[in-house]
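[1] Okay, sequence plus prediction incoming.
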Amino acid sequence: MRFVCSACGKTYPLAGLKYKCDCGGLFQLQKTMGETIDLSVTLREGRTPLLLRQVGDIPLHLKLDFLMPTGSFKDRGAAVLVSQLKNLGITEVVEDSSGNAGAAIAAYCAAAGIKCRIYLPADTSPGKIKQIAAYGADVQKVSGSRDDTARAALAAASATYYASHVYNPLFFEGTKSFATEIDAAIGTPDYVFVPVGNGSLLLGAYQGFSEAGEMPRLIGVQSANCAPVFRSCHGISAGNNLPTRAEGIAIARPPRLAEMVAALRNSRGDCITVTEVEIEAAAKLLSEAGLYVEPTAAVAAAGALRYFADKAIGRSKVVVPLTGSGLKKQ
């Protein structure tokens, strides 16, 4: 098992400090036939309920990933990534996050006995900062944008292993279980709506459904206030980014942008945007159904409501992941 550059094909060891190729290309995971990752660090993540509920005027299969041990779907990726790092003898890592990935990496590193330093935007929700600190991680608050936070983590990664949920493909090896669980429960759905920032769920879902043999239409959903994937999909020139309630997907320059666009197109899907008002309305509808999620999680539901506002859903099976708990915003 090793990393391979998606641009030039050069290979790298999993335990090295390189987070991307010398040529600038990003890594993919290369495995031999039958090779698997020993899940040596687990908090019994995964196997979350898939609940059929009427949301607004449409029936949705809601994947309740906010019920994960740390309150978000990021536990899927963290379990696999940290397990492999422990198996490799890695003892210290750095990571940057808007909150949920940092919490997941911090929790699984605590379970593995691995030292962990998490870089966060200074304006991250206090509840997420408290959660990460509670796991014993060294929290580094960075003034400025989410991109400024990523740059600070990259500087630290020159000397410490970068347990990135964006650059490290071991993370996607974990998030693809989202797709395999859905496939096992209801078969291949017709549509899957995914909130899109750095693409850790979208790309994991694409890998998982590809391996399962059938592909639903993947619909990426972004806040209209920060929508680089939408703009790239639709050939719209770069625009200004504004603050959004959906802090988990407020990524102005996602490193894997080209991969995300390719995944959406290859699935015969699309990328759409929703307004802040639509995000708030979707969160309220979900709460009234007994499901308390953070605004980033409500984005996917808002996207499904917008997408089917002017078209019949018919007998289509539509899956919406609820990716993070509403308690994250406290």
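    It's in.
[2] Residue nearest the middle of this structure, spatially speaking?
    Centroid check for the chain by Cα atoms, centre = their mean gives residue 200 as the closest residue, at 3.4 Å.
[3] list the contacts for that residue?
    74, 77, 101, 165-166, 171-172, 175 (Cβ atoms under 8 Å, 6 or more residues apart in numbering). (Glycine included, C-beta is placed from N, CA and C.)
[4] make it 7 Å
    77, 165-166, 171-172, 175 (Cβ atoms under 7 Å, 6 or more residues apart in numbering).
[5] Select from those every entry located in strands.
    Using DSSP state E, no member of those falls in strands.
[6] Now for those: which two are most distant?
    Based on Cβ to Cβ, the longest span within those runs between 166 and 175 and measures 11.7 Å.
[7] more crowded one of the two?
    More neighbours surround residue 175 than the other of residue 166 and residue 175, with 28 against 25 (other Cβ atoms under 10 Å).
[8] The more buried one is in contact with residue 75, isn't it?
    No - Residue 175 is not in contact with residue 75 according to Cβ atoms under 7 Å; the separation is 9.6 Å.
[9] Name all residues that sit in contact with these two at the same time.
    What both residue 175 and residue 75 touch, as defined by Cβ under 7 Å, 6+ apart, is an empty set.
[10] show me what contacts residue 271?
    Listed by Cβ under 7 Å, 6+ apart, the contact set of residue 271 reads 196, 220, 222, 229-230, 233, 264.
[11] so can I have a markdown table of those residues showing secondary structure?
    Output for those, formatted as a markdown table (DSSP: H, G, I helix; E, B strand; the rest coil):
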| residue | secondary structure |
| --- | --- |
| 196 | coil |
| 220 | strand |
| 222 | strand |
| 229 | helix |
| 230 | helix |
| 233 | helix |
| 264 | helix |
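[12] want to try TSV for those, with neighbour count as columns?
    Converted to TSV, the contacts of residue 271 look like this (neighbours: other Cβ atoms under 10 Å):
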residue	neighbour count
196	32
220	31
222	26
229	26
230	21
233	20
264	25
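[13] if we can go back for a sec, give me the phi and psi angles of the residue nearest to the centre of the chain.
    phi -70, psi -30 (degrees, to the nearest 10).
[14] nearest residue to it other than its sequence neighbours?
    Once flanking residues are discounted, residue 200 sits nearest to residue 165: 5.1 Å by Cβ to Cβ, 6 or more residues apart in numbering.
[15] ok, that neighbour touching residue 171?
    Yes - judged on Cβ under 7 Å, residue 165 makes contact with residue 171 at a distance of 4.6 Å.
[16] got any residues that touch both of those two?
    Shared contacts of residue 165 and residue 171, counting by Cβ under 7 Å, 6+ apart, come down to 77, 200.
[17] For the two, work out which one has more neighbours and name it.
    Neighbour count, other Cβ under 10 Å: between residue 165 and residue 171, residue 171 has more, with 29 against 25.
[18] low-scoring stretches of this structure, by residue?
    Applying pLDDT under 70 to the chain flags the ranges 330.
[19] And the next helix or strand past the helix or strand residue 285 falls within?
    Using DSSP states H and E, the element containing residue 285 is helix 276-288. Next in sequence after helix 276-288, counting helices and strands by DSSP H and E, comes helix 295-307.
[20] Would you map the strands across the stretch 151-300 of the chain?
    Remark: strands assigned in the stretch 151-300 of the chain by DSSP state E, counting those that start in this stretch are 161-162, 191-195, 217-223, 270-274.
[21] So which elements touch the helix holding residue 285?
    helix 295-307 (3 or more Cβ pairs under 7 Å, 6 or more residues apart in numbering; DSSP states H and E).
[22] which strands and helices sit next to the helix it packs on?
    So helix 295-307, by 3+ Cβ pairs under 7 Å, 6+ apart, packs with strand 58-63, strand 191-195, strand 217-223, strand 270-274, helix 276-288, strand 318-321.
[23] How is this structure divided into domains?
    1-36, 50-71+171-329, 75-169 (automatic domain parsing).
[24] quick one: which of those domains is nearest residue 42?
    It's domain 75-169; of those, that one is closest to residue 42 (Cβ to Cβ) at 5.6 Å.
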